[in-house]
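Student: Fold the stuff below for me.
(chains A and B)
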Protein chains: 2
Amino acid sequence: MATKSPRLTIDNINQRIVAAQYAVRGELAVKSEVYRQKLADGEAANLPFDQIISANIGNPQQLDQKPITFFRQVASLLENPQLLNHEDVLLNNLGYQTDVIARAKHLLKTVQSVGAYSASTGAPAIRESVARFLEERDGFPADPSHIYMSAGASSGVNTLLNIICASEKSGVLVPIPQYPLYTASLSVLNGKCVPYLLDEQKAWGTDLAVIKEAYSKSIAEGIDTRAIVVINPGNPTGASLSAEDIRNVIDFAAQERLVIIADEVYQTNVFIGKFQSFKQVLSQMKVEKPGHYDHVELASLHSISKGMVGECGHRGGYFELVGFNADVEAEIYKFVSIMLCAPVIGQCIVELMVNPPRQGDPSYALYKKEYDSIFHGLRERATALHAAFLQMEGVECGEPQGSMYLFPTITIPQKAIDAAAKEGRQPDEFYAMRLLDSTGICVVAGSGFGQKPNTFHFRTTFLAPGTEWVSRIVKFHKEFMDEFR
Amino acid sequence: MATKSPRLTIDNINQRIVAAQYAVRGELAVKSEVYRQKLADGEAANLPFDQIISANIGNPQQLDQKPITFFRQVASLLENPQLLNHEDVLLNNLGYQTDVIARAKHLLKTVQSVGAYSASTGAPAIRESVARFLEERDGFPADPSHIYMSAGASSGVNTLLNIICASEKSGVLVPIPQYPLYTASLSVLNGKCVPYLLDEQKAWGTDLAVIKEAYSKSIAEGIDTRAIVVINPGNPTGASLSAEDIRNVIDFAAQERLVIIADEVYQTNVFIGKFQSFKQVLSQMKVEKPGHYDHVELASLHSISKGMVGECGHRGGYFELVGFNADVEAEIYKFVSIMLCAPVIGQCIVELMVNPPRQGDPSYALYKKEYDSIFHGLRERATALHAAFLQMEGVECGEPQGSMYLFPTITIPQKAIDAAAKEGRQPDEFYAMRLLDSTGICVVAGSGFGQKPNTFHFRTTFLAPGTEWVSRIVKFHKEFMDEFR
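Tutor: Residues are numbered from 1 along each chain as shown, chains lettered A, B, ... in the order given. As a prediction, this is how the structure comes out:
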């Protein structure tokens, strides 16, 4: 038999995956892991750094953020319910307060076992708990039957885009810059990304005129634009939208019958202003103008991955649907049921996130202390990093507003742009690669999120502790500018 | 403003999802949950049963299967590492043996925190552990760099089919009957399902002639058939393939350059014969005929959901790739990284599954006792259920071979077929619906898996304890036959 070759080649597999771009875990991230391994293996003699700082991913517990004790105590009892029979546990000799034990018992009754599948959309009592949280947060009713548990927010986004993308003409308005989950998923699903630029001069807010223009252009091109994504607070920008911006988006969506996908995973990472949910603003608008907004379809997403919870490894999240047709929801049910259910322990941590210890509960004091300490720590780090950026030549960066990121503009000299072109890279990719090679710090180039033509950025988390790594960036930047200025 | 309607309708959303069928959690399952709620709410006065038996899903811990203590003890320490500082834990006053503590420390070192994202393909040390397991199981090398952690096997199948389905002409050979994940996913991905019938007369083995015929027919129809799915041990059939059947499939795949997708999640649920993996047989064939099979692409999947582990709620699994082109694997990496990573606690339980306590370890005796007790319990239940089926008029069912299911043939009288047609149902759906309404027992109709035309089946798990529910089936069947004979 003549030698045969494998059937699948880069040219005959799904080209929509080949075309997808996802820089957050791309070449830079892979290279940083190679460096990390070299350091671990003691092959660091040639490297100009002795530590990798993964500032490319919002992965709090990989860096310095400690899990919140209440969450993990309950989780440990869910994993090992035999502990509930031990006197040492019940007498609090191991730090388990009575509210921890009561919650674990309640959740075990709800899910039977964290090793069992739940209902496809999640355990009913957990969805009820999410609904109560939404009602308390927003002051408007929430219906558990329209709440779907997901594996992080990403799988929720994947579900929604799968439903929305009916053909290669199905368009979705996506902010630029954006978390590349959206562009990558649209590419895989053969939908059309209809980009609208955020306004860096307005602290990365939305600009209705820009959205309208992007929409009209897409319609003129024959695209069936049917949804708009808003990430609030922003990723990678950190921006918190004003109530006015949110109203404008809802009004426009109502007018053009656009499904709103509100990615609100950073809702507790807010340093300036106050988070307002799309659900709340939409509900208010419905009260103000009865009958006017009943047809608006809103899907809002949240997760346990970010905020002070930071439990991204547990893959927990949910989305709430408002205004969707019942038969469309039935198809969403079918779609999620093919993957059976979201991880059950992740669902339980969602319940703990939305229903944390309250004042008066035995675990409250520690919970509050831990929560506040994480919040203030993040703000301090963001402030220190921001101050460093302001010192750097040609770097501009708005005041830290929230999320886990800063997204500074960098001015890249022409000589560096030319050198990047020689390597076949975007100028900011070239910059980020140099930064990694020189300092061990891994960020994501702005081109990975999209940006206005001829502007350059990078996204860095401010999760890493200390200031030493920040000074490494400052030093690198000076050397880079000296080399290419 | 005139009243507007929501944008998304059943007619304009993704029609590939609308067309997909997934009976395992379909109408019957939904109805059974409604009954369950009624029973819980005390509204059972009108119902002819007082308990729901969910025999539709292989969900061991929802029914009677207890988690294995070793797994859950380690998981509880991973969730609450503070326990590792307590004397009561270290002195084994809470049942934590030294090997439990050592393993938890090892895994914590590996993943840092179960709340942190791992690398996209899984934590490196866990993938190494899987590779060692495969080497021990098969006697051939396994390379951790080709092992991908997944959220159960389902997400692995989803990844592979996403890569394989390049256009509406991309065909995949799928056994009939099959677990409907395959047909549903192919529908969503707009790939072509190329069905090949399993041979009920040969204990649901594969028949090479049938596979060849299905393949040739698909080629004649212009389908680019590029992969073959084999579920071994079978779902819903329970069949264990012989080494000869496996060889035949591999030979055929080698000849036609078909990617082999070997779904081996029931590899430890085997009552008759011995499980042989595709990887092992392929590796042997490579030794016997050097150079002849190097181009064969094999993806084999396993999970923590089934077997004596039964931790489906944790959504853990992995797949191993053999013979794939490196640039195709790079696209698989990119695809899985868009969803970030598999649940980390689920990854850890995969590690515990593939590297359980060994003879001499402090936890071994209990582990062995629990494992064996589950195994024997499943076999006893299968045998009792099988014996009941043999008493039933017009029912045929092969000896229980493995997995978690029996898949009996039922003879449905013409009067019942007519009554089903009036309700717009398949005859076996009609039967299963009647069974649920009369007894509270939820099974899945054979039409949900596919079956030879004019044959009827249902799939039931044998996970539920006791024999009372079995006698309910016998009684129902007699009444059904009396009504429609």
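Student: can we go C-alpha only for contacts and neighbour counts from here?
Tutor: Fine.
Student: what are the bridge partners for A:Leu321, then?
Tutor: Listed by DSSP bridges, the beta-bridge partners for A:Leu321 are A:Ala299.
Student: Count the neighbours of it for me.
Tutor: 22 (other C-alpha atoms under 10 Å in any protein chain shown).
Student: pretty sure it contacts A:Leu301?
Tutor: No - when contacts are counted by C-alpha atoms under 8 Å, A:Leu321 is not listed as touching A:Leu301 (9.1 Å).
Student: ranges for the strands of the stretch 51-200 of chain A?
Tutor: Residue ranges of the strands in the stretch 51-200 of chain A, as given by DSSP state E, counting those that start in this stretch, are A:53-54, A:147-150, A:170-176, A:192-197.
Student: what about the ones you listed, which gets the closest to A:Lys306?
Tutor: The stretch from the strands of the stretch 51-200 of chain A with the least distance to A:Lys306 (C-alpha to C-alpha) is strand A:147-150; that distance is 14.6 Å.
Student: Next one: the closest one, is it in contact with chain B?
Tutor: No - with C-alpha under 8 Å from any C-alpha of the partner chain as the criterion, chain B is not reached by strand A:147-150; the gap is at least 11.7 Å.
Student: what's the answer for stretch A:281-290, then?
Tutor: No - using C-alpha under 8 Å from any C-alpha, we find that stretch A:281-290 stays clear of chain B, coming within 10.7 Å at best.
Student: Pull out the buried positions in that stretch.
Tutor: Neighbour counts over stretch A:281-290 (16 or more other C-alpha atoms under 10 Å in any protein chain shown) mark A:Val281, A:Leu282, A:Ser283, A:Gln284, A:Met285 as buried.
Student: Contact partners for the last one?
Tutor: Applying C-alpha atoms under 8 Å, 6 or more residues apart in numbering or on different chains, one finds that A:Met285 lies in contact with A:Tyr293.
Student: go again using 10 Å as the cut-off
Tutor: The neighbours of A:Met285, taking C-alpha atoms under 10 Å, 6 or more residues apart in numbering or on different chains as the test, are A:Arg247, A:Ile250, A:Asp251, A:Lys279, A:Gly291, A:His292, A:Tyr293, A:Asp294.
Student: Please list which of those residues are also close to chain B.
Tutor: When C-alpha under 10 Å from any C-alpha of the partner chain is applied, the members of the contacts of A:Met285 adjacent to chain B are A:Gly291, A:His292, A:Tyr293, A:Asp294.
Student: Most neighbours among the residues you listed, which one?
Tutor: With neighbours defined as other C-alpha under 10 Å, the most crowded of these is A:Tyr293; it has 25 neighbours.
Student: Give the residue spans of the stretch 251-400 of chain A that score low on pLDDT.
Tutor: Judged by pLDDT under 70, the stretch 251-400 of chain A has no weakly predicted residues.
Student: Which parts of it are strands?
Tutor: If DSSP E, counting those that start in this stretch is used as the criterion, the strands of the stretch 251-400 of chain A fall at A:259-263, A:298-303, A:317-322, A:395-396.
Student: In chain A, which residue is most central in space?
Tutor: The C-alpha lying nearest the average C-alpha coordinate of chain A belongs to A:Val265 (C-alpha atoms, centre = their mean; 5.6 Å).
Student: Skip the chain neighbours and tell me the closest residue to that one.
Tutor: Nearest non-adjacent residue to A:Val265, counting by C-alpha to C-alpha, 6 or more residues apart in numbering or on different chains: A:His302, 4.5 Å away.
Student: shouldn't that neighbour be in contact with A:Ile261?
Tutor: No - shown here, A:His302 and A:Ile261 do not form a contact pair, counting by C-alpha atoms under 10 Å, at 11.3 Å.
Student: Please enumerate the shared neighbours of those two.
Tutor: With the criterion set as C-alpha under 10 Å, 6+ apart, the overlap between the contacts of A:His302 and A:Ile261 is A:Phe319.
Student: Closest residue of the stretch 151-300 of chain A to chain B?
Tutor: Residue nearest to chain B within the stretch 151-300 of chain A (C-alpha to the nearest C-alpha): A:Ala166, separated by 3.8 Å.
Student: dump the residue contacts of that residue.
Tutor: A:Ala166 is in contact with A:Leu189, A:Asn190, A:Gly191, A:Asp224, B:Asp11, B:Asn12, B:Ile13, B:Asn14, B:Gln15, B:Arg16, B:Ile17, counting by C-alpha under 10 Å, 6+ apart.
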